[in-house]
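1. Sequence and predicted structure, then a few things I'm wondering about:
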Amino acid sequence: MVSRWACGRCGFVAWTRERSAMAEVTGSHLLAHHSDALSKSDFRVSWNCPYCATAKTAYDTDEAVAEFKSHLHDHVVDRIEDGVHVADRIGWDGVVRVDAAATDDEADALRAHFHDAAGIAVAVTPTPERLVRALDERLDSWPRRTVIVSTGEYDFEATPDVDFEGVDIEIVELDPRLSPDEVGETVSRILDANHEPGERVSLEVSVFHQIVAAFDVERAVEFVRMLAARLADAGGVLQLYVDADADRNVATVLNLLDETIDLTVAVDDGRFVRRP
Ligand SMILES: [Zn+2]
Ligand SMILES: [Zn+2]
């Protein structure tokens, strides 16, 4: 679980692993909103707090800025919530776009965060070994049930250092030539067979680029919408791992999915942030 701060002036939200790490986030963010409260003249730098009557003047710019940030942070410290999850933002129901290439460490941080809070984790990924390692290294305990749907081969022997004792995991190998409909049907069947009532589902889709590359834009859009609708029945969060800069067609599909995507998050300097 993480700590969360939501800016009261704009849609910015940040989540940090440690509450103490939030001071730098709030201070910098609020300073950007109130940059005119900071001024330089006669070799000196001054700030006037927009929230209270405090004003300071100093010679050392860095020190003055740090002090102002810390002061701004104090005004919002009561609004930082602890023990929350990114998916709480959408009530654990909907589609989260994760702005990170599926094979980045940043993606691992978020996939671990989502799967950690679910009873059943389903991951459609071309790199099953990466997922296994991310969960093994980052989670205290695995979800009750983990199903990896992979277009790549996976051999449990490939990760001899991972202890699967007590871990309920299954790998479903997919033919890489399967259509989005067939991938969607596979996921749907897995949910039918494994989901227990009331249990949170974390569904990771790390093959979005491949689907967009192999099929037309309409089918890729339809694939996500159908999965989202299927998941709405079960109750859970679909995470789409995307690097929109890498592929123009992916950006097009994401534009078309604007109404379907409930939240966009990225990893910035170790923190999770909401992208507007
Ligand atoms: Zn803001
Ligand atoms: Zn103040």
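-> Perfect, thanks for sending it. Numbering: from 1, shown residues only. Ligands and ions are numbered 1, 2, ... in the order given.

2. Measure how buried A107 is and give me the count.
-> Burial measure for A107: 24 neighbouring residues, criterion other C-beta atoms under 10 Å. (Glycine included, C-beta is placed from N, CA and C.)

3. Now do the helices in the protein.
-> Secondary structure of the chain by DSSP state H: the helices cover 22-33, 61-76, 105-116, 128-138, 180-194, 208-214, 217-234, 248-256.

4. Which elements pack onto the first one?
-> In this case it means helix 22-33. strand 2-6, strand 13-16, helix 61-76 (3 or more C-beta pairs under 8 Å, 6 or more residues apart in numbering; DSSP states H and E).

5. Reformat these as CSV; add distance to ligand 1.
-> Conversion of those to CSV gives the following (distance: least, C-beta to the ion, whole Å):
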stretch, distance to ligand 1
strand 2-6, 9
strand 13-16, 9
helix 61-76, 10
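
6. quick one, which of those is nearest to S179?
-> Minimum separation from S179 across those (C-beta to C-beta) falls at strand 13-16, 35.8 Å.

7. got a pLDDT number for the closest residue to M1 other than its chain neighbours?
-> Excluding the flanking residues, the one nearest M1 by C-beta to C-beta, 6 or more residues apart in numbering is G83, at 4.8 Å. On pLDDT, G83 comes in at 97.

8. since we're on G83, how many residues are nearby?
-> By other C-beta under 10 Å, the residues close to G83 number 10.

9. roughly how far apart are it and L31?
-> 27 Å (C-beta to C-beta, to the nearest Å).

10. just L257 next, same as before
-> Separation of L257 from L31 (C-beta to C-beta): 34 Å.

11. thinking again about what came up before, next, format the helices of the chain as CSV and append distance to R271 and mean pLDDT.
-> As requested, these are exported to CSV (distance: least, C-beta to C-beta, whole Å; pLDDT from 0 to 100):
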stretch, distance to R271, mean pLDDT
helix 22-33, 6, 96
helix 61-76, 15, 96
helix 105-116, 10, 95
helix 128-138, 16, 93
helix 180-194, 30, 93
helix 208-214, 24, 90
helix 217-234, 26, 92
helix 248-256, 23, 92
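
12. Pipe the ones you listed into a markdown table and attach distance to ligand 2 per row.
-> Formatted as a markdown table, the helices of the chain follow (distance: least, C-beta to the ion, whole Å):
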| stretch | distance to ligand 2 |
| --- | --- |
| helix 22-33 | 10 |
| helix 61-76 | 5 |
| helix 105-116 | 33 |
| helix 128-138 | 38 |
| helix 180-194 | 50 |
| helix 208-214 | 45 |
| helix 217-234 | 43 |
| helix 248-256 | 40 |
